[in-house]
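Novice: Sequence below, structure please.
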Amino acid sequence: MSRIGKHPIEIPTGIDVMLNNNLLSGKGKNGKFEFKVHDSVNVEISEGKIIFSPRSTDKESRSMWGTCRSIVSKAVQGLSRDFVKKATLVGVGYKANIQGKNLVLQLGYSHDIVFEIPTDVRIICETPTIIVVSGSDKQRVGEIIKRLQKFRAPEPYKGKGIIIEGQYVYRKEGKKK
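Specialist: Below you'll find the model as predicted:
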């Protein structure tokens, strides 16, 4: 059983965190967050730390204790620094570029794919084949990078597609003569 809920969350300097009736909210240089803490979890803010504890010893309280702590920890981290994910376009003629508020992808289809960049994340193209997605919400950054990958998922025979950094593409052997 994990004991992650026992560890208090340090509040970095320059970040304001407030608690109002199980609604935890914070503000920092990268934005703000609001999180409704589950009813089975107690929260206190004291001496620059956020401390979580379960209200009872039942299974739901203990599981929500760690879950709430992890979600708030990542939200507080996102207020001070961005979460970054990179994707590489692998394939002949696969390119990406930014035109205004849109990401234009050329992925081997007969048409270009135009992806409107959401306001809560930043997307840049380091090179025509590398896309960098960054933002203060870790879940949102992962969601956007996976939405981009769905336009051309990696295929196992030639390894072509949009590959997220750290992802392993299982390669298969082709047909033998």
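
Novice: those helices in the protein, which residues are they?
Specialist: In the chain, the helices defined using DSSP state H lie at 59-80, 138-149.

Novice: Any chance of CSV for the ones you listed, columns distance to Ile130?
Specialist: Where C-beta positions appear, they are placed from N, C-alpha and C, glycine not excepted. Output for the helices of the chain, formatted as CSV (distance: least, Cβ to Cβ, whole Å):
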stretch, distance to Ile130
helix 59-80, 23
helix 138-149, 12
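
Novice: which stretch in those helices is the model least sure about?
Specialist: Looking at the helices of the chain, the lowest mean pLDDT belongs to helix 59-80 (a mean of 90).

Novice: Could you export the helices of the chain as a markdown table, including mean neighbour count?
Specialist: Formatted as a markdown table, those follow (neighbours: other Cβ atoms under 10 Å):
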| stretch | mean neighbour count |
| --- | --- |
| helix 59-80 | 18 |
| helix 138-149 | 17 |
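
Novice: Chain neighbours aside, what residue packs nearest to the residue nearest to the spatial centre of the chain?
Specialist: The chain has Lys138 as the residue nearest its centroid, 2.6 Å off, counting by Cα atoms, centre = their mean. Take Lys138 and drop its neighbours on the chain: the residue closest to it by Cβ to Cβ, 6 or more residues apart in numbering is Phe83, 4.5 Å away.

Novice: Glu155 too?
Specialist: Gly161 (5.7 Å).

Novice: Identify the residues contacting the one you found.
Specialist: Contacts for Gly161 (Cβ atoms under 8 Å, 6 or more residues apart in numbering) come out as 90-91, 149, 152-155, 169.

Novice: give me the beta-bridge partners of it?
Specialist: On the basis of DSSP bridges, Gly161 is bridged to Val90.

Novice: Next, count neighbours for Ala96.
Specialist: Ala96: 24 surrounding residues under other Cβ atoms under 10 Å.

Novice: Quick check: it vs Tyr109, distance?
Specialist: When Cβ to Cβ, to the nearest Å is the yardstick, Ala96 and Tyr109 sit 13 Å from each other.

Novice: hmm, back to that, the residue nearest to Lys138: how many residues sit nearby?
Specialist: Quick note: Phe83 (other Cβ under 10 Å) scores 19 neighbours.

Novice: Enumerate every residue touching it.
Specialist: Per Cβ under 8 Å, 6+ apart, neighbours of Phe83: 77, 134-138, 141.
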